[in-house]
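[1] sharing a model that was predicted from the sequence below.
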Amino acid sequence: MAESREQPLDGKIAIVTGTSRGVGVGIAHELLRAGATVVGCSRGALDALPGTDTDPDWARRSSQLVCDQGDYTAIDALVQQVVDTHGRLDILVNNAGGTVPSPSVDAVPALVSRIQGAPASDDDYERSVLFHSHAVQMNLISPLWFAIRAYRQMKTQDGVGCIVNVSSGAGHPAGSPTLVSYGAAKAGLNQMTRSLAQEWGPNVRVNCVALGPTITENFRSFVLPKDDPTGSEYFKNIPLRRGGEPAEVGRTIVFLASGAAEFVNGTTIEIDGGMLPGVLYDAGLKTITDLL
C-alpha cells in the first residue's frame, strides 16, 4: 500500500519487465511507493499490474502491457507506447529472465525444458541446445535489446536516465554448475552493465543488482525442498540465515534510480545476504531431481 513519506522518484516514468509475479512485482511496488509511474510488462495479458487494485493512487500511476521480450519489434513498440502515453522514459528495470537448474548440461530433461519455457524437442541434443539458447536470449540478449531501445529514448531527453539490470549470484566467476548457460548469461549481463555505463554516460547511468535466493512463489515451488518448506536447512549456508524479499530488491533499485545515487554508475550490487559462491547449487537442484 502507498505510504505518506518522501517520494524520491516523484514524476519519474519507469518500465519494469517481468511483472506478472515475483521479484518484478516487488520492484514495481517499491518504485510506486517512491512516487514513480510504473509500466509493467509480461508475456501474457493482465488486467492491471498485480497488487495495485486496492490502492487508487497506485492504480492511477501504473499499467500492465504485453511484451514478448524475445521479439525486438515488440520491445520497440512497448517503449514507443510508453513514450506516447507519458511523454518520456526515465527508468528501465530489466528484470525479466530466469531459468531452472538442470542435473545435466548436455542432456537437459524434457521436464526442465518445459518448466523453463524453452522450445520442445524429443532429441536430447536439440533440446539441450534450445534450452541453453533460450536462457542466453532471455537473460542477456533481450535485456540488451531493451537497454538499447530505452537509451535511444533517454538520450533525447533532459536529465539523466537510469537503467538497472537484474542479475544473479550465478554469474560469479567461480562458476555455476547446474545453471551453466544462465550463469554465463548473467556474467555477461554484469559485464554489459559496465560497458554500457562507460559508453552511455553522461546521458544514462547503467547499474546492476545480482540476486541471491529471493523468496517468491516460484522459489518455493521449484527451489525449496519439500522436506524443508521454511528453508531452515537450505539457508544455513547464508550468513543472514534467510532468503531475500522482493521488496528488498525493489528498495535497492529505488536507491539506484534516485538522486542519492547520482554518482553510482557501472556497478553491480550483490543482494544475497553474504552468500558464498556455489554453496546452494546442490540444494537448489534437489527439488528438480525429486520431480524427475
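    Arrived safely.

[2] CA atoms for contacts and neighbours, from now on please.
    OK.

[3] which residues does the lowest-mean-pLDDT helix or strand in the chain contact?
    Lowest by mean pLDDT, DSSP states H and E among the helices and strands of the chain is helix 281-291, with a mean of 77. Contacts with helix 281-291, where a contact means CA atoms under 8 Å, 6 or more residues apart in numbering, come from 101-103, 112, 176-178, 222-226, 234.

[4] make it 7 Å
    Residues outside helix 281-291 that contact it (CA atoms under 7 Å, 6 or more residues apart in numbering): P101, P103, P177, T178, F222, V223, L224, P225, Y234.

[5] swap in stretch 131-147?
    Residues from elsewhere that reach stretch 131-147 (CA under 7 Å, 6+ apart): 69-70, 72, 75, 94, 97-99, 113, 118, 181-182, 185-186, 188-189.

[6] give me the buried entries from those.
    69-70, 72, 75, 94, 97-99, 113, 118, 181-182, 185-186, 188-189 (16 or more other CA atoms under 10 Å).

[7] which member of those is positioned nearest V38?
    Minimum distance to V38 across the buried ones among the contacts of stretch 131-147 is 13.2 Å, recorded for N94 (CA to CA).

[8] could you list the buried residues of the helix or strand hosting L144?
    For L144, the element it lies in under DSSP states H and E is helix 142-154. Buried positions in helix 142-154, judged by neighbour count with 16+ other CA under 10 Å: S142, P143, L144, W145, F146, A147, R149, A150, Y151, Q153, M154.

[9] same question for that helix, mean pLDDT?
    Here helix 142-154 scores 98 as its mean pLDDT.

[10] next one: stretch 70-90
    Averaged over stretch 70-90, pLDDT sits at 98.

[11] list of residues touching it?
    With contact meaning CA under 7 Å, 6+ apart, stretch 70-90 is reached by 12-14, 67-69, 138, 142, 145-146, 149-150, 153-154, 161-162.

[12] same deal with stretch 23-43?
    Applying CA under 7 Å, 6+ apart, the contact partners of stretch 23-43 are 2-3, 7-20, 49-50, 58, 61-68, 95, 216, 246-247, 249-251, 254.

[13] what separates that stretch from the chain centre, distance-wise?
    For stretch 23-43, the separation from the chain centroid amounts to 12 Å (computed by CA atoms, centre = their mean, to the nearest Å).

[14] can you name the two of the contacts of stretch 70-90 that sit furthest apart?
    Of all pairs in the contacts of stretch 70-90, the most separated under CA to CA is K12 and M138 at 26.3 Å.

[15] format the CA atom coordinates belonging to the helix holding L144 as PDB.
    Extracted C-alpha coordinates of helix 142-154, given in PDB (Å, rounded to 0.1, in the frame of the first residue of the first chain):
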ATOM      1  CA  SER A 142      16.800  -9.400 -24.600                       C
ATOM      2  CA  PRO A 143      17.900  -7.100 -21.800                       C
ATOM      3  CA  LEU A 144      20.500  -5.600 -24.200                       C
ATOM      4  CA  TRP A 145      17.700  -5.000 -26.700                       C
ATOM      5  CA  PHE A 146      15.600  -3.300 -24.100                       C
ATOM      6  CA  ALA A 147      18.500  -1.200 -22.900                       C
ATOM      7  CA  ILE A 148      19.400  -0.100 -26.400                       C
ATOM      8  CA  ARG A 149      15.800   0.900 -27.100                       C
ATOM      9  CA  ALA A 150      15.400   2.700 -23.800                       C
ATOM     10  CA  TYR A 151      18.700   4.600 -24.300                       C
ATOM     11  CA  ARG A 152      17.700   5.800 -27.700                       C
ATOM     12  CA  GLN A 153      14.700   7.500 -26.000                       C
ATOM     13  CA  MET A 154      16.500   8.600 -22.800                       C
END
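
[16] tell me the helix or strand right after it.
    Heading C-terminal from helix 142-154, the first helix or strand you meet, by DSSP H and E, is strand 161-168.

[17] quick one: buried residues of the helix or strand just after that next one?
    Using DSSP H and E, the helix or strand that directly follows strand 161-168 along the chain is helix 180-200. Buried residues in helix 180-200, counted by 16+ other CA under 10 Å: 180-194, 196-197.
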